[in-house]
Every structure is written in C-alpha cells, then in structure tokens.
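> here's my sequence, what's the structure:
(chains A and B)
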Protein chains: 2
Amino acid sequence: MAEPLSIALLLFPHLTQLDLTGPLQVFSSVPGATLHLVWKRIEPIPTDSVLTLLPTTTFAECPQTDVICIPGGFGVDAILDDDEVLGFIRRQAEGAKYITSVCTGSLALGAAGLLDGYRAATHWSARECLPLFGATVSTERVCIDRNRITGGGVTAGIDFALTLVSRLVDRQTAEAIQLRLEYPAPPFAAGSPDTAPPEVLSRMLERIAPFQQRRAEAAERAAAVLRNSAT
Amino acid sequence: MAEPLSIALLLFPHLTQLDLTGPLQVFSSVPGATLHLVWKRIEPIPTDSVLTLLPTTTFAECPQTDVICIPGGFGVDAILDDDEVLGFIRRQAEGAKYITSVCTGSLALGAAGLLDGYRAATHWSARECLPLFGATVSTERVCIDRNRITGGGVTAGIDFALTLVSRLVDRQTAEAIQLRLEYPAPPFAAGSPDTAPPEVLSRMLERIAPFQQRRAEAAERAAAVLRNSAT
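Numbering: from 1, shown residues only, chains lettered A, B, ... in the order given. Model prediction:
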C-alpha cells in the first residue's frame, strides 16, 4: 500500500482497555501509520480499570480513515442505542477500507447495521447477540468476511491487528511487529471455552450471567431499533 | 491470601503501553485488588503511541503495596539514572512481597540494585544489559527467582501477570482471567527470535541497532553508578 495507513479507534466509557491497547500497540509499530482515538468530546474516558484514556480527536474533527475499529467491554451496552456514536461509526464506515472490531465491539457494528449478512466474531460470552443484527456467528479468533474483520475476545485484538497489518501492509511487517511484541503463547490452556478446565468455565458462566443478560437486553433493544428504521 | 491484593505499576514517559496495559487488564480482574499507577506527579504521561496515560497517585502519596511492577519501553533509558524514580522503586521494594517487571522494565530493577545475584528476563533485544547489574539472563517468558518475577518482551506481561495471580491468589483465578481475556495463541510463529523467519529477525535487528546501542550506554552508566555507590 503506497499511502500511509490511517486508523480510527473508538473510545467510550467503560471499554475493556486491552481491547483497544492491544491493537493500538500493533498499529503504532506500522511505519507512517496515523492513529486517532475518537470520542464525542476531548475528555478523560474511564475504562474497566483504574486506567483513564484521553481521546486525540472528536467525532466532529476525525478525518475519514482507512480503518474504523470498535473495541468492546461492558460499556458497549450503553452505546448500542446511542445515535451519536452509531452515526459516527456509520459515517466512517462509508469511506473506510476495513470496518473492524475487537471483542463485543462487533455488537456496536451490528447495532449500526453494518453486519447484516456478514460473518462476525465477538467475545465467546456474547455470541448469542450477533444474530440479532443479521450476522452469522464465527468462533474464529479473527473473522474476515469481505471488508469486515472482527476479532474474538480481548487478547484476540492483538491477533486481529497483526492480521490486518498483514493484509494492509504485508506479512513480513506483521511478523516483525509480532517479534517486537514477543507474542508466542500463554502459560495455561484456559484461553477459550473449549480448552478451559470445566470448573473454571462454569464458575465464569455463573459470575457473568447478569452481565450477559444486561447485554442481551441492550442488543435486543438495538436490534429492534434497526428493524424499525428499516421499515 | 486473606488480604486484598495491592499492586503499584510505574508510569514513565515513553513506556511501551502494552507492557503496562496487558498486566493491568489481568490485575484489574482480580477480585478486590487495589491498583496504583504511579509517577512523580499527576500529569498526562505520553507513551510510545498516541495513547496518553494518567497516574492515579504520586511517589509521595503511594502506599506500600504487595507488588511493585516496572514496565519497559524506550523511555526506560531515561529513568536508569533518575534518582527520584530509582529511590521510589527501592522504597517500595523494601516492603513488597514481589518485585516485578515486564520487558525492559527489568533494567530499571537492575539499576535500582535489585537484581544483583538474581536470574531475570527482559525483552530479547536487551538481554545483554542484564549482566551489567549482576543479573543472570533468563530466556523464559516469565522468570521467577525467589520474590523477583520478571516477564520477557511486551506481551509476556500478560503471561507474567497471569503467573503472578496464580501464585498470589490461585491458579483457578488466573485461569478464569485467561478465559475472560480469550488468551490462547497468536496467528504467526514469529513471536520470538528462535521462531521468527530469519529475514524478519535480521531486518528487525538492523532497525533496532541504534536503540540497542543507546540502551546499552544508559545501562552501562547506571551500572557504573551502582558500582560507585557500593564502594
């Protein structure tokens, strides 16, 4: 690709910060890439931890970029019915080469009407929400369907970003970044519902049930809004 | 462990943000854990990308914590001779259960005199700096030597943090966090000098040579200061 790459990543309150900071670490190693952290206003954005993030630009000021990327987290529920946020995502998506997400960020793409008829990935705990938006669930760590690239849960954002760089720049550049980040393999085999010890999985399912419920309700409301706007 | 866990993570200008945000994502999932992001003053800290981070406390205000953790990055060079930073690390280290680092953060532990006679890990490109501080190089992704736990490069911080949680809390808690973070395996095999394609490695070595040189010089100066203070 001759042109330097430009990427806009959405910030929003109570995002899972690693959904954003993982891909950002990858993208910031791409020579010449311009990165934007975008929110309604320039104000400190609380995340899911003590970390507070600062936007670099606003919805109004952000230029058209090659890639729009939506991270996930508990805060996603609140943006699924936020017209200002969904409007920004739709405007960027119109001119973007790639429309992307990490973790439950794909639900925001869905709520913006951008996954209808597409395969998409999300956090394993949120897969049942995707069909509400006309999307087919992918259990891949990185799902590529035409120009939609969606990553699975949290750390899949690093894999997603490496995969995107391998397509937008080249595989050697992606591999060089992976080498810089020393990204080989984790200490336990618990990283997916298929490999986690059954008691770890069942305890987790129990703990997240109320959040899953709240998210499912938010997704159902957003899907209803989409259906109504289509008729 | 009966007491809730408390962890202080050092911020400093031009750190590699994923060295910090990776472990932070893990630690913030530990029930009841208190996390501090510490710097000299409360002021926005520039990282190696467009991301700016905000400290939650200062060297003067930070309480004694169970764990002190130093991330790495190009900015490490500048703190290796910063008495205010090294003094804070030493004070925290005196009462900490675990003295830890990610990536080239181990050089700051070394410069503070805390790795003399210990095995330690660091980013693969900085391994030659560790012996300057009396440390033995470990090529493990996570190196445990008594109460020093040091992670390798960048993403090894996630593994380091999962390992620390498995020791300070229990393995099931660590596995549950790994499951939440969907942390299985990366897309390419390029994550270490041993597995990366040779041309990727050689290109990387060429590009980082000036930074390695600058870091080696900063480490040598810091080691000389340590030697002089010991005599």
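> quick check: phi and psi on residue A:134?
Main-chain dihedrals, residue A:134, degrees, to the nearest 10: phi 80, psi 10.
> disregarding flanking residues, what is the spatial nearest neighbour of it?
Leaving aside its sequence neighbours, residue A:134 sits nearest to residue A:116 (C-beta to C-beta, 6 or more residues apart in numbering or on different chains; 3.6 Å). Backbone N, C-alpha and C define where each C-beta goes, glycine included.
> just say helix, strand or coil for the closest residue to residue A:42 other than its chain neighbours.
Once flanking residues are discounted, residue A:42 sits nearest to residue A:55: 5.3 Å by C-beta to C-beta, 6+ apart. Following DSSP: H, G, I helix; E, B strand; the rest coil, residue A:55 is assigned to coil.
> doesn't residue A:108 make contact with residue A:101?
Yes - counting by C-beta atoms under 8 Å, residue A:108 is a contact partner of residue A:101 at 7.0 Å.
> ok, those two, which is more surrounded?
Set residue A:101 next to residue A:108 and count neighbours by other C-beta atoms under 10 Å in any protein chain shown: residue A:101 wins out with 32 against 28.
> next, count neighbours for the residue lying closest to the more buried one once chain neighbours are set aside.
Spatial nearest neighbour of residue A:101, excluding adjacent residues (C-beta to C-beta, 6+ apart): residue A:70 at 4.4 Å. By other C-beta under 10 Å, 30 other residues sit near residue A:70.
> wait, residue A:70 touches residue A:86, no?
No - at 10.4 Å, residue A:70 does not count as touching residue A:86 under the criterion of C-beta under 8 Å.
> name the residues contacting each of the two.
residue A:108 (C-beta atoms under 8 Å, 6 or more residues apart in numbering or on different chains).
> so who does the residue nearest to residue A:42 touch?
Residue A:55 neighbours (C-beta under 8 Å, 6+ apart): A:11, A:37-39, A:41-43, A:45.
> distance of it from residue A:24?
Noted for residue A:55: a distance of 13 Å to residue A:24, by C-beta to C-beta, to the nearest Å.
> which neighbours do these two share?
residue A:37.
> check the secondary structure at the nearest residue in space to residue A:29 that is not next to it in sequence for me.
Leaving aside its sequence neighbours, residue A:29 sits nearest to residue A:177 (C-beta to C-beta, 6+ apart; 4.5 Å). Three-state call for residue A:177 (three-state DSSP): helix.
> so residue A:177 touches residue A:33, yeah?
No - taking contacts as C-beta under 8 Å, residue A:177 lies outside contact range of residue A:33: 10.9 Å.
> more neighbours: the two, which one.
residue A:177 (27 against 20).
> so residue A:4, which of the three states?
coil.
> tell me the phi and psi of it?
Here is the backbone geometry of residue A:4 (degrees, to the nearest 10): phi -60, psi 150.
> re the thing from before, next one: the residue nearest to residue A:29 from residue B:163, what distance?
Separation of residue A:177 from residue B:163 (C-beta to C-beta) stands at 24 Å.
> ditto for residue A:69
Per C-beta to C-beta, residue A:69 is found 30 Å from residue B:163.
> more neighbours, these two?
Each of residue A:69 and residue B:163 has its neighbours counted (other C-beta under 10 Å); residue A:69 has more, 32 against 24.
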